[in-house]
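Chemist: here's a sequence, model it:
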Amino acid sequence: MVQAGSEGGDSQGRWTMPRESPSRPPGRRAFLRFAAAAGGAGLLASCTRSSGSSAASGTASRTASPVGPPTGSTAPTVGASSSPPSSADWTSLGHDLSGTLVRPGEAAYTVAKRQFDPRFDSLHPAGIAYCRDPHDVSTCLAFVRKYGVPVAARSGGHSYAGWSSSSGLIVDVTPMAGVNVSGTVATVGAGTHLVDFYNGLSAHGRVVPGGSCPTVGIAGLTLGGGVGVVSRAFGLTSDNVTSLQIVTADGLLRTCSASSNPDLFWACRGGGGGNFGVVTSFTFATHPASEIILFFLSWPWSQAARVISAWQSWAPHAPDELWSNLHLAAAPGGSIPSIQVGGTYLGSVGAASALLEKLYAAAGSDPSSPFLEVSPSWLHAMLVEAGCASLTVNECHLPTQNPAGQLSRASEYAKSDFFTKPLSSQGIGTLLSGVESLQRVNGAPGGAGGIALDALGGAVNRIAPGATAFVHRDALFQAQYTTTWPVGSASAGVARQHAWQQSFWQSMRPYVSGQAYQNYIDPALTNWRQAYYGANYNRLTQVKGTYDPDRVFTFPQAV
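Modeler: Prediction:
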């Protein structure tokens with residue numbers, strides 16, 4: 001999810017041309033926005049959103065700890081009360097929390113109920129509980145079990161379908177945030193935002209792979225897999241989890257690892273957020289922060305077919321140290337679409353340049369505006385990837401996440417695919433036609449759309465499909481189809497852009513694997529069980545039956 005106002009820029013929100021200067025590296029998205037300007041294209045989205053975030057920090061030495069109901073007590077069953085909770089019941093819940101409960105009518109409610117996407121501002125949860133510790137989470141779950149109140153867990157609130165909200169109680173884990181590094185191990189509160197995750201690790205010279213959207217919550221990202229900008233070298237975010245703590249529907253705080261609750265541990269690495277409980281902390285294995293190279297390349301649209309052909313034969317098969325994406329973007333009423341390639345390389349400039357020369361040779365031409373540089377630090381590289389090259393860490397937040405935050409919320413529709421075979425020339429033609437067709441759509445002024453391809457292979461594909469719940473271990477690259485529009489746009493133009501996106505996605509059915517990325521949750525996907533989880537779905541339902549037999553945690557595409 002990349003939108004104007006959420007990726008950095010000058011103090012007036014204007015986008016400036018990136019400069020080929022080591023002291024002024026372009027934010028990836030600022031670079032792409034500039035390159036797309038000829039077609040009037042807004043920036044293509046690429047933030048990772050989760051289904052229903054489960055999240056943040058807390059520690060326990062026991063495998064299962066009764067942090068909610070007193071020891072020996074029986075947890076109330078769903079709908080145990082014959083009537084919905086009264087105002088007094090809600091007030092009592094607020095008094096029982098060490099965190100804050102926000103209710104309709106209170107001054108903080110309008111902001112507290114918001115998700116990242118303004119499309120969901122019309123949702124009105126009955127309460128938002130800002131949980132400071134696992135006991136708060138358990139107290140909330142006892143309340144929803146007793147009264148049969150719907151519940152959703154929230155860390156970043158980035159669900160494409162709005163499912164990190166609820167008509168009942170939102171369990172918000174953002175107060176449980178923080179990064180504690182000891183040696184090669186990092187313990188991370190599940191309410192931590194991605195930019196703070198990177199910042200905390202970088203202070204110790206350590207790395208865990210993750211995405212590029214700075215405001216997303218680490219919980220949703222991790223629970224759905226976590227495809228990121230160095231995944232080919234280090235695997236998914238979830239592949240680096242060695243243990244986690246989760247409050248399950250019965251109110252127990254459980255430690256999950258390869259030796260403790262291993263079935264639940266398996267499910268929480270790719271099984272999607274909001275399905276099995278509310279995670280309160282993760283423990284990650286980390287990697288040393290090596291030298292990292294950034295590159296940003298663009299070609300004329302006339303060269304797009306050759307560049308796509310070259311890229312798909314290059315990026316998924318390159319050494320693990322290289323990761324790359326390819327963006328095609330257009331705009332309703334725009335003149336010429338844009339094509340850009342970006343990426344990272346863990347190594348020397350010389351080695352990176354040699355790999356890029358292979359891409360240029362395969363494409364038959366050099367890029368028109370290449371940029372290649374050694375990032376001064378790993379944190380700086382992640383800020384660039386987040387579109388925050390000109391911002392501080394504090395500024396690379398929403399104002400509701402950090403008082404200094406300069407990013408803003410934005411709306412977007414997204415769909416996804418995995419490609420396990422190279423696109424044929426016919427497939428490439430269909431891809432280009434789909435992007436070009438947006439130019440003929442009478443969409444929202446300032447709207448945009450396109451497709452982003454992220455290279456896979458490497459460390460991601462060396463893990464067996466059944467080793468974790470993340471089944472997508474045979475793809476060359478994944479795709480995200482997106483369309484965006486300015487907040488407040490007329491609904492008719494937005495609807496036409498949405499129809500374009502659906503048609504574009506449908507046109508690519510002959511060339512894709514049929515799988516979809518569970519973190520790009522898609523409410524229109526009818527075969528979502530097979531698409532998200534494949535052969536792992538049956539095992540996920542068994543885990544669900546063990547830890548949430550009453551389906552306390554549910555939403556339209558819940559396991």
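
Chemist: only C-alpha atoms for contact and neighbour calcs from this point on.
Modeler: Will do.

Chemist: what's the neighbour count on residue 316?
Modeler: For residue 316, the count of nearby residues is 22 (other CA atoms under 10 Å).

Chemist: which residues touch residue 362?
Modeler: Shown in contact with residue 362 (CA atoms under 8 Å, 6 or more residues apart in numbering): 306-307, 310.

Chemist: confirm that it sits in a helix.
Modeler: Yes: applying DSSP: H, G, I helix; E, B strand; the rest coil, one finds residue 362 inside a helix.

Chemist: what does the model give it for pLDDT?
Modeler: Residue 362 carries a pLDDT value of 98.

Chemist: on that earlier part again, what about the contacts of residue 362, which one has the most neighbours?
Modeler: In terms of neighbour count, residue 307 stands highest of the contacts of residue 362 at 26 neighbours, by other CA under 10 Å.

Chemist: who touches residue 131 in this structure?
Modeler: 97-100, 137, 171-176.

Chemist: weed out the non-buried ones from those.
Modeler: 97, 99-100, 137, 171-176 (16 or more other CA atoms under 10 Å).

Chemist: burial count for residue 499?
Modeler: Neighbour number of residue 499 under other CA under 10 Å is 14.

Chemist: can you tell me which two in the contacts of residue 131 are farthest apart?
Modeler: With CA to CA as the measure, no two of the contacts of residue 131 lie farther apart than 97 and 174, at 14.6 Å.

Chemist: and the strands in the stretch 451-559 of the chain?
Modeler: Applying DSSP state E, counting those that start in this stretch to the stretch 451-559 of the chain gives strands spanning 477-485.

Chemist: what's the answer for the stretch 201-350 of the chain, then?
Modeler: With DSSP E, counting those that start in this stretch as the criterion, the stretch 201-350 of the chain has strands spanning 206-207, 241-247, 252-257, 278-285, 287-288, 293-299, 322-330, 338-345.

Chemist: columns distance to residue 105 and mean neighbour count on top of those strands, output as JSON lines?
Modeler: As requested, these are exported to JSON lines (distance: least, CA to CA, whole Å; neighbours: other CA atoms under 10 Å):
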{"stretch": "strand 206-207", "distance to residue 105": "43", "mean neighbour count": "24"}
{"stretch": "strand 241-247", "distance to residue 105": "29", "mean neighbour count": "25"}
{"stretch": "strand 252-257", "distance to residue 105": "32", "mean neighbour count": "24"}
{"stretch": "strand 278-285", "distance to residue 105": "27", "mean neighbour count": "28"}
{"stretch": "strand 287-288", "distance to residue 105": "47", "mean neighbour count": "14"}
{"stretch": "strand 293-299", "distance to residue 105": "48", "mean neighbour count": "23"}
{"stretch": "strand 322-330", "distance to residue 105": "42", "mean neighbour count": "26"}
{"stretch": "strand 338-345", "distance to residue 105": "47", "mean neighbour count": "25"}
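
Chemist: mind listing which of the contacts of residue 131 are in strands?
Modeler: 100, 171-172 (DSSP state E).

Chemist: list the residues that contact residue 443.
Modeler: 332-333, 492-497.

Chemist: recalculate using a threshold of 10 Å.
Modeler: By CA atoms under 10 Å, 6 or more residues apart in numbering, residue 443 lies in contact with 331-333, 484-485, 489-498, 500.

Chemist: what of residue 312?
Modeler: 325-326, 359, 421-423, 453-455, 476-477.

Chemist: tally up the residues packed near the closest residue in space to residue 297 that isn't next to it in sequence, please.
Modeler: Counting by CA to CA, 6 or more residues apart in numbering, residue 370 is the residue found nearest to residue 297 once chain neighbours are left out, at 4.6 Å. Residue 370 has 15 neighbouring residues, counting by other CA under 10 Å.

Chemist: so what pLDDT did residue 370 get?
Modeler: Residue 370 is given a pLDDT of 93.

Chemist: from what I see, residue 150 and residue 163 are in contact.
Modeler: No: with contact defined as CA atoms under 10 Å, residue 150 does not count as touching residue 163 (11.5 Å).

Chemist: of all the residues in the longest helix anywhere in the chain, which ones are buried?
Modeler: Longest helix in the chain, counting residues (DSSP state H): helix 491-507. Buried residues in helix 491-507, counted by 16+ other CA under 10 Å: 493-494, 496-498, 500-502, 504-505.

Chemist: and for stretch 543-557?
Modeler: Neighbour-count burial for stretch 543-557 [16+ other CA under 10 Å]: 543-544, 547-548, 551-555, 557.

Chemist: quick one: mean pLDDT for that stretch?
Modeler: Mean pLDDT, stretch 543-557: 98.

Chemist: ok, now stretch 444-461?
Modeler: On average, stretch 444-461 scores 98.

Chemist: end to end, how far does it reach?
Modeler: End-to-end distance of stretch 444-461: 39 Å, with CA to CA, to the nearest Å as the criterion.

Chemist: ditto for stretch 176-186
Modeler: Using CA to CA, first and last residues of stretch 176-186 are 15 Å apart.

Chemist: again, but for stretch 245-261
Modeler: Using CA to CA, the two ends of stretch 245-261 sit 10 Å apart.

Chemist: mind pulling up the pLDDT for residue 335?
Modeler: For residue 335, the predicted pLDDT is 86.

Chemist: report how many residues lie close to it.
Modeler: Neighbour tally, residue 335, other CA under 10 Å: 16.

Chemist: between residue 150 and residue 163, which contacts overlap?
Modeler: 554-555.

Chemist: more neighbours: these two, which one.
Modeler: For the pair residue 150 and residue 163, the greater number of neighbours falls to residue 163 (27 against 21), based on other CA under 10 Å.

Chemist: the closest residue to residue 253 other than its chain neighbours pairs with what?
Modeler: Leaving out its chain neighbours, the residue that sits closest to residue 253 by CA to CA, 6+ apart is residue 247, at 4.3 Å. Following DSSP bridges, residue 247 is listed with bridge partners residue 253, residue 278.

Chemist: and the gap between residue 247 and residue 521?
Modeler: For residue 247 relative to residue 521 (CA to CA), the value is 23 Å.

Chemist: cool, and residue 136?
Modeler: 28 Å.

Chemist: cool, residue 98 as well?
Modeler: 32 Å.

Chemist: just give me the neighbour total for residue 111.
Modeler: Going by other CA under 10 Å, the residues that sit close to residue 111 add up to 10.

Chemist: and the closest residue to it other than its chain neighbours, which helix or strand is it part of?
Modeler: Leaving aside its sequence neighbours, residue 111 sits nearest to residue 400 (CA to CA, 6+ apart; 7.9 Å). When elements are assigned from DSSP states H and E, residue 400 belongs to no helix and no strand.
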